[in-house]
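Undergrad: build me a model from this:
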Amino acid sequence: MGRRAKNTPPTLLLWVPMADRYAFQSPFSRGSGSDPWFTVGSLAVTTTVAVSALGLFGVLLVVIEGGYGVISEALLLDNSAITGGQVWRFITWPIPPASDFFWALLGLIFFFLIGSQFEGLLGRRAFTSLIVAIVVIPAVIATVVGVLFDDDVPTFGLGMIFLGVAAGFAASMPQARSFFGIPFWVVVAFFFFIQFLQLLTLRSLPGLVMLTSTAFIGLVMTRSLGFSNVQWIPSVALPSIVTGTATSAPKKSRPAKRRSKGKADLRAVPTASTSEAEIDALLDQVNEQGLDSLTKKQKQTLERHAKEMRKRRDG
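TA: Next up, the predicted model:
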């Protein structure tokens, strides 16, 4: 598929985590997930939907052009083009897929499922900030390394963003399980290691730098936003435009203290409409028996509780 195909590692694919104590929201259920930025007819456009749509556009573009054509090439990371002033490539590089359209479409589905749940947990502003950081910062670092060592950055597509999101999701929910009951963080680490070996085989230093920085940023951003309690992950101070706390109470106030404990623990803040004991019992049931064991009313209770928590945080 064009001159870049030989320098392209296979698309990263992960399976959707099974239901666990906190991953109870379905991205397809009405009223769940993050509040949309806007709606187009009946379609609620969240950050996850927008990114997925751009990925789908990239797949169709490559199919129409019969490979990496003029338009696709203008979107990819290219050292000489960027040094020549085409800085938009730092943002557009994930649009063209890294492999054939079938695997790219499958990867889009997985990104949508994981991204919808994660965006519902973080909120639209924090999740969008995470996506922007994952897209821009590794691209800049990898391009600098590529220029210094005269080596092109491989084409990764949406799979690289998925890696950063999956790493953050695993950090926020270390108890989440994937297929065969394998911890989700183990699956993420496994595919990261496979991708690392593939890039090492290609002797692509910019690719290795981009891979490691993407995973690192996903972990650090999640921890810094207050959604992970994993102690070995460093935390940095984020601007209010990212955290959305410009009009909220000071850091040492009660809301900020709750945030530092991690929003994944939904039992920390009982709402007026639901008792703490009821939420605790439902979360334990999901953890032990799976999401399918809940009735429709019980699922609605958990979704309502999550929405009330987001309103407490954002309001």
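
Undergrad: for residue 203, see how far away residue 151 is.
TA: 8 Å (CB to CB, to the nearest Å). All C-beta atoms are positioned from the backbone trio N, CA, C, and that covers glycine.

Undergrad: just residue 83 next, same as before
TA: 22 Å.

Undergrad: and residue 49, by the same measure?
TA: From residue 49 over to residue 203 (counting by CB to CB), the distance is 37 Å.

Undergrad: do the same with residue 230
TA: In terms of CB to CB, residue 230 sits 32 Å off from residue 203.

Undergrad: who has more neighbours, those two?
TA: Higher neighbour count among residue 230 and residue 203: residue 230, with 14 against 9, using other CB atoms under 10 Å.

Undergrad: how about that one, what does it touch?
TA: 171, 174, 219, 223 (CB atoms under 8 Å, 6 or more residues apart in numbering).

Undergrad: from those, which is closest to residue 144?
TA: Looking at those and their distance to residue 144, the nearest is residue 219, at 21.5 Å (CB to CB).

Undergrad: wouldn't that closest one be in contact with residue 167 here?
TA: Yes. Between residue 219 and residue 167 there is a contact at 5.4 Å, judged by CB atoms under 8 Å.

Undergrad: more neighbours, those two?
TA: Between residue 219 and residue 167, counting by other CB under 10 Å, residue 167 is the more crowded of the two (25 against 21).

Undergrad: regarding the residue nearest to that one when sequence neighbours are not counted, what is its secondary structure?
TA: With CB to CB, 6 or more residues apart in numbering as the criterion, residue 167 has its nearest non-adjacent residue at 3.8 Å, and that residue is residue 218. Here residue 218 takes the helix state, with states given by DSSP: H, G, I helix; E, B strand; the rest coil.

Undergrad: who's in contact with residue 218?
TA: 130, 134, 163, 164, 165, 166, 167, 168, 171.

Undergrad: so which of those residues belong to helices?
TA: 130, 134, 163, 164, 165, 166, 167, 168, 171 (DSSP state H).

Undergrad: ok, so of those residues, who is nearest residue 75?
TA: Distances from residue 75 to the ones in helices among the contacts of residue 218, taken by CB to CB, are shortest for residue 134, at 16.8 Å.

Undergrad: what about that closest one, neighbour count?
TA: 25.

Undergrad: touching, it and residue 216? I think so.
TA: No. Under the criterion of CB under 8 Å, residue 134 makes no contact with residue 216, lying 10.1 Å away.

Undergrad: tell me which element the closest residue in space to residue 138 that isn't next to it in sequence is part of?
TA: Residue nearest to residue 138 in three dimensions, not counting chain neighbours: residue 213, with 4.1 Å by CB to CB, 6+ apart. Here residue 213 sits within helix 205-224, counting by DSSP states H and E.

Undergrad: sort out which residues of that helix are buried, please.
TA: Neighbour-count burial for helix 205-224, with 16 or more other CB atoms under 10 Å as criterion, is recorded at 205-224.

Undergrad: after the lowest-mean-pLDDT helix or strand in the chain, which helix or strand is next?
TA: Each helix and strand of the chain was given a mean pLDDT (mean pLDDT, DSSP states H and E); the minimum falls on helix 254-260 at a mean of 46. The helix or strand immediately downstream of helix 254-260 is helix 276-289, counting by DSSP H and E.

Undergrad: how far does that following helix sit from the chain's center?
TA: 26 Å (CA atoms, centre = their mean, to the nearest Å).

Undergrad: give me the contacts around stretch 90-108.
TA: With CB under 8 Å, 6+ apart as the test, stretch 90-108 has contacts from 1, 8-13, 51-52, 54-59, 61-63, 68, 72, 75-77, 82, 135-136, 139-140, 143, 153-162.

Undergrad: and the nearest residue to residue 44 once chain neighbours are set aside, how many neighbours?
TA: Closest residue in space to residue 44, ignoring its immediate chain neighbours: residue 36 at 3.7 Å, by CB to CB, 6+ apart. For residue 36, the count of nearby residues is 16 (other CB under 10 Å).

Undergrad: check residue 61 too.
TA: 17.

Undergrad: what's the strand or helix carrying it packed up against?
TA: For residue 61, the host element (DSSP H and E) is helix 47-65. In terms of contacts (3 or more CB pairs under 8 Å, 6 or more residues apart in numbering; DSSP states H and E), helix 47-65 is packed against helix 70-75, helix 101-122, helix 124-149, helix 158-172.

Undergrad: deepest in the core, which of those is it.
TA: Comparing these by mean neighbour count (mean count of other CB atoms under 10 Å), helix 158-172 ranks first with a mean of 27.

Undergrad: so that helix versus helix 205-224, what angle?
TA: 30 degrees (axes from the mean of the first three to the mean of the last three CA atoms, to 10 degrees).

Undergrad: for helix 158-172, what is the average pLDDT?
TA: Here helix 158-172 scores 93 as its mean pLDDT.
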